[in-house]
Structure formats: structure tokens, C-alpha cells
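Participant: just coords:
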């Protein structure tokens, strides 16, 4: 039986469920099993599907590599990977160390480091926003003065839009920098670097290009558009797939050039691109499969079960990346306009029984909510299918107008 080792998991553990359905033996490495169990017995938790669980410092690349090399000797592994953003570099290094299919470790590391990926793109003539690295508030202020306001403050190794802020002047820059440095906990006891980018604001619509690289070929899965709210923060609150753009070929070619410059030679990638008046500019690379609702949207729209195909690749099998259907899907994430407490969500009963509703979920009443500052601040999500992405997006807009969020605002102290 093929044996896969996963370095951590997403909260939904959908990847683990897919592994078991595909007949794989699964080992999970985690820093702390209680991050998932939260006091619940393993026997009644979905993680009971896992065959073997070992606790390791999964944020430490050397510790993960050393464990996997020793474990592989006693329990031969077919593949090593991670679906979780902050563990892709460690999983890639470990997979490379034992010779199972993976991306080149340096490519994964450079893609995760937003400044390094900028440097490589500039050297290769791939369009990216102007960007300067700052390791202190003094350096950040100097760079912003040199570049000119307004600009963007962005953590060098972040995710989920945490700490990404548009600033108009030095006062706002100092506030954004202090807020990030003093609140850079990404969860699971992970803390981001204090290094930030001071970056040109790339004005224009945001899209993401979903690709899979296999045996030297870059396969375009499709392009996802993105809705953002929370300005001066950048919180994703909607997507549709696959979008059709008149300059799609140019966008895809820019992404391919960027991936090749980084040395990406294997696996899924999720690359965000701003469609600026000067042309497409790469905002960031992610050496992993797109997350959130998009894999499910891709499956509905194309028939491609992307998580399973990515698993097959890492297990030495050829992925099936040819669409079998042609439809569209869209999602809408809901956020609170204020800090406070959720009293009630209305309008959900009207969604019951609709065949085109692919998924609908909201947090429970009584929970604390906040003005959107990152993608962790979502209250709920609705995902819809349609004949194409445009129709699905229109349905989402109509649904958004029928759902009411009743929130008790937190008093201003």
C-alpha cells in the first residue's frame, strides 16, 4: 500500500479524507495534536482516519527533514507533502531528502519569501511592483519616503492577508508596522518574521492563476477573480471561476515566466496577479494548491478534483488535468462592518433546497466578530454553481442582498 506523510493539515482535514478514500496509508506530522483535537478524544475526531501521528517541531525545517529521513528507513514512504501554507517548504525539503516527487526545495523557499521572489523576477524581467525590504521601522520609513506615498506594508513571509495595509503617510506606516510586529501570530504558535516589504501599490483588479507543473509542462487549470473589502486592508470576500479575460494569454505567460525564473518544476501553484494600467504584475507566488473554496469551485466548473490530482502527483502517479465539464462557480464571504458580537444571520432559509447552492456556512450567533483585517475575519460563506462564472457571480450578488448580518457593535473605549 502506498504511504503518504503529511506535514500538518488544513483545519478541514479534507486532504486526509481524500488520502484514505484513495487507499493510502497516512502518517501525520504535527507540532501539537491538540491544535486539531481541542480536547476531543481522537476516537471521535475525524483525525481517527490517520494511521500514524507523530509530534515534531513542524516549523523547523531541519527537525522535519531529520525525522522523515529516519522514519523512511523503518516505514518506507511513497510521498511527502503539505496542503498547509506554512509547512510547504519543510515538506518539500523532506521529500527531496528521501527522493520522492516534489518541487525543488529552493524554488519553494524562494516562492514563500515575498522579497526574494521579487528580486528574482526583477532580475528575469518579470513584471512585479517595486518593493524594498525593511527590517526596522526606521528602515521602513526611509524606504517609503524614497518610494513615495501611498504604498503598501506587507509581511515578508505572511499569508491570509495578515498585516497587509495600504498607507498614505508616515503616521499610518508607523501604526501599520507596530500593529503587525506586535500581533504577528499566525496561529499554531507560528510567528512571522519582523521583516516587511514597502511596496508600490499595484492598482487594478486582482486575479489568481491556478497552474500545475508536471513533467516539464505548465498546465493552466484556470483563472480566478477576487473581490476585496476592508480597505486599507485587503480581505478576500469573493471569487469566481473560471473567468474569461481578453488578455488571458498575456497574464498566463507572465506567470509562466515567473515560475520558471523561480525554478518551479513540479506541483501546483497559486499566483496572484494585479491587472494594472501598465499590464499584469505578479503580487505573490504560492508554491501550493489554491485554498479556500476554490478547489471545490474548480471541481464543479471543470470536473477536475484538484486535491486528488495533486496527491496522485506526489505519490508518483500521473495527474488527470483534462476538464470533463464546462460550467462556472462563485463564492461570497461575509464579514462584519464593525467590531462586535453576531446576534443573528437572516435570509438563510431561502437558500435551503436550492440545487445550485454548493455550500453555505456561517458561524454561530453569539460569537465575537471584527471589522475585516485579514481572511481570518470571515463570518460565513456561500458557494454557488452556474452555467458559467458570470452567471454564478450574479447569483452570489443576489444572495448577498438577501442575507442580513445583525451585529451588536462593541462600544468604543
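Facilitator: Sure, I can see it. These numbers come from a predicted model, not from an experiment.

Participant: quick one, longest strand in this structure?
Facilitator: strand 217-229 (DSSP state E).

Participant: give the pairing partners of that strand; include direction for each.
Facilitator: Its sheet considered, strand 217-229 pairs with strand 206-214 (antiparallel), strand 235-241 (antiparallel) by DSSP bridges.

Participant: show me the contact partners of the last one.
Facilitator: It refers to strand 235-241. The contact list for strand 235-241 (CB atoms under 8 Å, 6 or more residues apart in numbering) reads 161, 222-229, 292-294, 297-298, 301, 328-335, 372-375, 377-378, 389-390, 392-393, 396. Any C-beta I mention is one placed from the backbone N, CA and C, and that applies to glycine too.

Participant: tell me the most buried of the strands paired with strand 217-229?
Facilitator: strand 235-241 (a mean of 24; mean count of other CB atoms under 10 Å).

Participant: quick one: the longest strand of the chain to chain centroid distance?
Facilitator: 12 Å (CA atoms, centre = their mean, to the nearest Å).

Participant: same deal with stretch 15-35?
Facilitator: With CA atoms, centre = their mean, you get 19 Å for stretch 15-35.

Participant: could you do stretch 110-128 as well?
Facilitator: With CA atoms, centre = their mean, you get 18 Å for stretch 110-128.

Participant: quick check: residue 134 vs residue 143, distance?
Facilitator: Distance from residue 134 to residue 143, counting by CB to CB, to the nearest Å: 5 Å.

Participant: more neighbours, these two?
Facilitator: residue 134 (22 against 19; other CB atoms under 10 Å).

Participant: contacting residues for the more buried one?
Facilitator: 140, 142-143, 195-198.

Participant: make it 10 Å
Facilitator: 115, 140-144, 153, 156, 173, 177, 194-198 (CB atoms under 10 Å, 6 or more residues apart in numbering).

Participant: skipping its backbone neighbours, what lies nearest it in space?
Facilitator: residue 140 (3.8 Å; CB to CB, 6 or more residues apart in numbering).

Participant: neighbours of the one you found, how many?
Facilitator: Residue 140, neighbours per other CB under 10 Å, totals 25.

Participant: host element of it?
Facilitator: Assigned by DSSP states H and E, residue 140 falls within helix 137-147.

Participant: before we move on, the earlier item: pull out the buried members of the contacts of strand 235-241.
Facilitator: Neighbour-count burial (16 or more other CB atoms under 10 Å) applied to the contacts of strand 235-241 gives 161, 222-227, 229, 292-294, 297-298, 301, 328-335, 372-375, 377-378, 389, 392-393, 396.

Participant: all strands of the stretch 101-250 of the chain, in order?
Facilitator: Taking DSSP state E, counting those that start in this stretch as the test, the strands found in the stretch 101-250 of the chain are 131-134, 151-155, 165-167, 185-187, 190-191, 196-199, 206-214, 217-229, 235-241.

Participant: so which of those strands is nearest residue 105?
Facilitator: strand 206-214 (15.0 Å; CB to CB).

Participant: can you give me the mean pLDDT across that closest one?
Facilitator: Per-residue pLDDT over strand 206-214 has a mean of 97.

Participant: one step back: what's the overlap in contacts for residue 134 and residue 143?
Facilitator: 173, 196-198.

Participant: which stretches of the stretch 51-200 of the chain have low pLDDT?
Facilitator: 187 (pLDDT under 70).

Participant: so which residues of it form helices?
Facilitator: Under the criterion DSSP state H, counting those that start in this stretch, the stretch 51-200 of the chain contains helices at 61-74, 88-98, 105-112, 114-124, 137-147, 170-181.

Participant: which one of these lies closest to residue 18?
Facilitator: That would be helix 88-98 among those, by CB to CB, at 16.4 Å.

Participant: what is that closest one packed up against?
Facilitator: Contacts defined by 3 or more CB pairs under 10 Å, 6 or more residues apart in numbering; DSSP states H and E place helix 88-98 against strand 3-7, strand 25-30, helix 61-74, strand 79-81, helix 105-112, strand 267-276.

Participant: residue 333 is in contact with residue 360, correct?
Facilitator: No. Counting by CB atoms under 10 Å, residue 360 stays clear of residue 333, with 11.7 Å between them.

Participant: which residues do these two both contact?
Facilitator: Common neighbours of residue 360 and residue 333 (CB under 10 Å, 6+ apart) are 380-383.

Participant: how about the residues you listed in CSV, adding neighbour count and secondary structure?
Facilitator: Listed next are these as CSV, based on neighbours: other CB atoms under 10 Å; DSSP: H, G, I helix; E, B strand; the rest coil:
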residue, neighbour count, secondary structure
380, 17, strand
381, 17, strand
382, 24, strand
383, 24, strand
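
Participant: and these, which is closest to residue 212?
Facilitator: residue 383 (22.0 Å).

Participant: list the contacts of the closest one.
Facilitator: 239, 292-294, 296-297, 300, 329-333, 356-361, 392, 396.
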